[in-house]
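Enquirer: structure of the sequence below:
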Amino acid sequence: MLDTVRGKIARPWKKGIQDNPPFGWKVRTGTMEDSNGIERTIVSCSHEESGMYIKGDEMGSHVIQVSLPRLLHGDNTNLIKNQDELDTAFSKMRLQMLDLLEIDAIPRWTRLDMVWNFKGNISEFIAIFNNTKHPRVRSAVRVYGGESISWKGKRIEIQIYDKLKEKGRAPLADDTIVRAEVRQSV
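Expert: The predicted structure is shown next:
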């Protein structure tokens, strides 16, 4: 099911969010020089509980990113299970966006992460997939310290890793949560 989604969104900020951020939001500003040599104010907003962030400039938002399971369940170890949960997560996302933005909108998605959880031992998954190739990925299979295996192409990345170890939790037995993740970018 879907995990992290990122998209482009061009909407004006609500007035006063930089001076008085809505409850649960942290708003940071900075400056950078654009490609024309003009200094611009950068606005970065992150929601502390859900991890959603919206970034843009002084005029409005440009990018949004959120983990839909974290938004719905409080963490992204528990996946979204059905269409009703997915619809609820998208509704929550749009409501949180309205904390900061003047106008409701659906982003134009640029990244969608599809994930599946399995019980098992990451070492066994690495041993099984170590010599496999993906037709859309030319680069070699990468194994990181016996903890994950990945295939990274220009617009697709596939990764298999120990989800509990990623979260800093030690497994209670040999079996743990092994996550397979496909990240598609446009």
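Enquirer: outside of the top strand by length along the chain, which residues touch it?
Expert: As assigned by DSSP state E, the longest strand anywhere in the chain is strand 108-120. For strand 108-120, contacts defined as CB atoms under 8 Å, 6 or more residues apart in numbering pick out 1-9, 65, 77, 79, 125, 163, 175-186. From N, CA and C alone the C-beta is placed, and that goes for glycine too.
Enquirer: just the buried members of those?
Expert: Buried residues within these, defined by neighbour count using 16 or more other CB atoms under 10 Å: 1-7, 9, 65, 77, 79, 125, 163, 176-183.
Enquirer: which of these fall in helices?
Expert: Residues of these located in helices (DSSP state H): Phe125, Lys163.
Enquirer: ranges for the helices of this protein?
Expert: Assigned by DSSP H, the helices in the chain fall at 68-73, 83-97, 122-129, 163-166.
Enquirer: of those, which is nearest Val43?
Expert: Comparing the helices of the chain against Val43 with CB to CB, the closest turns out to be helix 83-97 (14.0 Å).
Enquirer: mind listing what's buried along the helix or strand bottoming out on mean pLDDT in the chain?
Expert: Every helix and strand in the chain was compared by mean pLDDT, DSSP states H and E; the lowest is helix 163-166, with a mean of 80. Going by neighbour count (16+ other CB under 10 Å), the buried part of helix 163-166 is Lys163, Leu164, Lys165.
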